[in-house]
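Visitor: Give me a 3D structure for the following:
(one chain, ligands or ions: 1)
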Amino acid sequence: MREDGRVQIDVVTLFPQWFEWFTGQRHVANAVASGHDLRFLDLREHTPLSGGQVDDTPFGGGAGMVLRVDVMDAALRGFYGSDPVELRRERRVIALTPGGRMLDEGLVTELAAEPALTLLCGRYEGFDERIVQHFCSDAVSIGRYVLAGGELAAMVLADAVLRKLPGSLGHADSAEEESFSAALGGDPEYPHYTRPADYRGWTVPEVLLSGHHEEIRRWRRARSRERGAASGGASLS
Ligand code: 6GU
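Guide: Below you'll find the model as predicted:
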């Protein structure tokens, strides 16, 4: 966050229009309305190559196309007006790539504390490695599977970061005691129930209807721990 508590997230992509749906989502729209800044920058806009070319065949051969380093250089220079080698000293510049650091709640919390992020979306076979090496502060993956491009991963990351920011969720507490938070010792969230208390004979745990707040708290903590152990996650406590 900046001193005024606001965050700027820029997404560099070949498909800025994909993000129209994303910015229409309630919590994203709320975040923008409360002063956070979201921009979608078209990688093709500043390409020095003819016909809007941005990629090329890989040296050494192999399938697919690779995003060119000179194209990314020109794009970042065009958007920020400075050498991208310097840019990564001023803000987190994150390449979204399946080989990157796995996104988890800890990394999301870390990124939500930054004043400004730039997310680079790869396409095709990915980035020329020199983009990651010289222009990026981080490489991030959202899981051990391959997507056609970084756009969905950028939305996942931006969604997870934005919902942590003040002004994004309607309820101030709703991000406090949630899955993987410190309040839950890093475990997943406990199960929730609402009306009806009996549906087709599937009843709600008695303790939740009891009104005993301390017992409810203990029950929830225990269920949360069980889930953490079952999913093989690392409990903080
Ligand atoms: Cl960040 N990008 C792509 N293309 N595939 C992925 C990914 C990212 N994370 C998991 N799979």
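Visitor: Take stretch 147-165, keep the C-alpha atoms, and write them as PDB.
Guide: Presented in PDB, the C-alpha positions along stretch 147-165 are these (Å, rounded to 0.1, in the frame of the first residue of the first chain):
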ATOM      1  CA  LEU A 147      -2.700 -22.500 -18.600                       C
ATOM      2  CA  ALA A 148      -2.800 -21.100 -22.100                       C
ATOM      3  CA  GLY A 149      -1.600 -17.800 -20.700                       C
ATOM      4  CA  GLY A 150      -1.000 -15.700 -17.600                       C
ATOM      5  CA  GLU A 151      -4.300 -13.800 -17.800                       C
ATOM      6  CA  LEU A 152      -6.300 -16.100 -15.600                       C
ATOM      7  CA  ALA A 153      -3.400 -16.300 -13.100                       C
ATOM      8  CA  ALA A 154      -3.200 -12.500 -13.000                       C
ATOM      9  CA  MET A 155      -6.900 -12.400 -12.200                       C
ATOM     10  CA  VAL A 156      -6.400 -14.900  -9.400                       C
ATOM     11  CA  LEU A 157      -3.600 -13.000  -8.000                       C
ATOM     12  CA  ALA A 158      -5.300  -9.600  -8.300                       C
ATOM     13  CA  ASP A 159      -8.500 -11.000  -6.800                       C
ATOM     14  CA  ALA A 160      -6.700 -12.500  -3.800                       C
ATOM     15  CA  VAL A 161      -4.700  -9.200  -3.200                       C
ATOM     16  CA  LEU A 162      -7.700  -6.800  -3.800                       C
ATOM     17  CA  ARG A 163     -10.000  -8.600  -1.300                       C
ATOM     18  CA  LYS A 164      -7.400  -8.000   1.400                       C
ATOM     19  CA  LEU A 165      -7.500  -4.200   0.900                       C
END
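Visitor: Please identify the buried residues of it?
Guide: Neighbour-count burial for stretch 147-165 flags 147, 149-151, 153-165 (criterion: 16 or more other Cβ atoms under 10 Å). (Each C-beta comes from the backbone N, C-alpha and C, glycine too.)
Visitor: where does Thr97 land in three-state SS?
Guide: Counting by DSSP: H, G, I helix; E, B strand; the rest coil, the backbone at Thr97 sits in strand.
Visitor: Would you agree Asp56 is in contact with Asp70?
Guide: No: using Cβ atoms under 8 Å, Asp56 is not in contact with Asp70; the gap is 9.7 Å.
Visitor: For the residue nearest to the spatial centre of the chain, list the residues it contacts.
Guide: For the chain, the residue nearest the mean C-alpha position is Leu157 (0.7 Å; Cα atoms, centre = their mean). Contacts for Leu157 (Cβ atoms under 8 Å, 6 or more residues apart in numbering) come out as Ile94, Leu96, Leu103, Val108, Leu111, Leu119, Val140, Ile142.
Visitor: Go through those residues and say which is closest to Leu38.
Guide: Nearest to Leu38 among the contacts of Leu157, counting by Cβ to Cβ, is Leu119 at 10.5 Å.
Visitor: neighbours of that closest one, just the number please.
Guide: The tally of other residues near Leu119 (other Cβ atoms under 10 Å) stands at 27.
Visitor: With Glu177 instead?
Guide: Glu177, neighbours per other Cβ under 10 Å, totals 15.
Visitor: how about it, secondary structure?
Guide: Here Glu177 is coil, with the state taken from three-state DSSP.
Visitor: how much space between it and Pro188?
Guide: Counting by Cβ to Cβ, to the nearest Å, the gap from Glu177 to Pro188 is 12 Å.
Visitor: Show me whatever sits in contact with both of these two.
Guide: Contacts common to Glu177 and Pro188, judged by Cβ under 8 Å, 6+ apart, are absent.
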